[in-house]
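K.L.:
need a structure here:
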Amino acid sequence: MAVVYLIGDPVAHSLSPVMQNAAFSAMGLPHRYELMRVSEDDLGSAVQRIRGVDVLGANVTIPHKERIGRYLDAVDETAQRVGAVNTVFKRAGTLRGDNTDAGGFADALAEMDVDVRGARVLLLGAGGAAKACGDQLMTGGARVVSIANRSRERADALAKALLTSRGGDPRALGVLGRPPRSLGAFDIVVNATSLGLHGEDALEGVDLPRQLSVVDVVATANETPLIRRAKASGCVAVDGLLMLLHQGARALRLWTGLDAPTAAMRAALPRQV
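P.N.:
Model (predicted):
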């Protein structure tokens, strides 16, 4: 038996263990997915634990996605481009990092028929999840991505990083200090902050036009207030559980080299998506 860890702080809220353990069971593998709460000061020692022979790898969450790469032997192309690692795995005696959030985000949009080509997008957040989403929005051909974040400095840094890694017209990226009060100028809004994890509404007080597609990357046992409002408003609503499912399937393939049993993983989630 081998273990896969989720390392971060906090981790107790995570739905990944029930989903990934259902996958291991469906595959007939004796592995376990477990939580490991790790402070920023203990990140290096946690990576040493992952190097153990009884560990397949790890998922990485807040606040370590942007720092863990320095402790690994190699970081794959997607994670380098995004600037964040959410999956650690082993290859030929080395410990590598990749980012399955980016592909999981794209897979979730595709499942809900949300096409970003030519779209005007409001992206909330500037951390590791926002970097992955921004990368895929640029890859998918979004016409404009406006980044709203409490720290203007971090939003500016994300815009610069996206332009450096993806090129394109600087006019395709904008930075806002806070979300606008009206969303009529946008086709898609993506919440890539942690707001919603504890019942917050990432766009509280802002109306959601019916033509808007609303994506919330926050994966919770109950629908986030933003997703509930989006559905009530008639918007296309992309639940954070879908991104969790698809990034988890991609991570499982990295750990095991096998196709993920997505039906079993979906069935293990606390509600239907």
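K.L.:
the stretch 151-273 of the chain: strands as residue ranges?
P.N.:
In the stretch 151-273 of the chain, the strands defined using DSSP state E, counting those that start in this stretch lie at 173-176, 188-191, 213-216, 236-238.
K.L.:
possible to save the ones you listed as a markdown table with mean neighbour count, mean pLDDT and distance to Val144?
P.N.:
For every residue, glycine as well, the C-beta is placed using N, CA and C. Shown next, in a markdown table, are the strands of the stretch 151-273 of the chain (neighbours: other Cβ atoms under 10 Å; pLDDT from 0 to 100; distance: least, Cβ to Cβ, whole Å):
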| stretch | mean neighbour count | mean pLDDT | distance to Val144 |
| --- | --- | --- | --- |
| strand 173-176 | 18 | 86 | 7 |
| strand 188-191 | 27 | 98 | 10 |
| strand 213-216 | 27 | 98 | 15 |
| strand 236-238 | 22 | 98 | 19 |
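K.L.:
reformat the ones you listed as CSV; add distance to Ala251.
P.N.:
Formatted as CSV, those follow (distance: least, Cβ to Cβ, whole Å):
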stretch, distance to Ala251
strand 173-176, 29
strand 188-191, 21
strand 213-216, 20
strand 236-238, 19
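K.L.:
closest one to Tyr33 among these?
P.N.:
Nearest to Tyr33 among those is strand 213-216 (23.4 Å), distances taken as Cβ to Cβ.
K.L.:
so how far is that closest one from its chain's centroid?
P.N.:
Taking Cα atoms, centre = their mean, to the nearest Å, the mean C-alpha location of strand 213-216 is offset from the chain mean by 13 Å.
K.L.:
packing partners for that strand?
P.N.:
Applying 3 or more Cβ pairs under 8 Å, 6 or more residues apart in numbering; DSSP states H and E, one finds that strand 213-216 makes contact with helix 100-111, strand 188-191, helix 225-232, strand 236-238.
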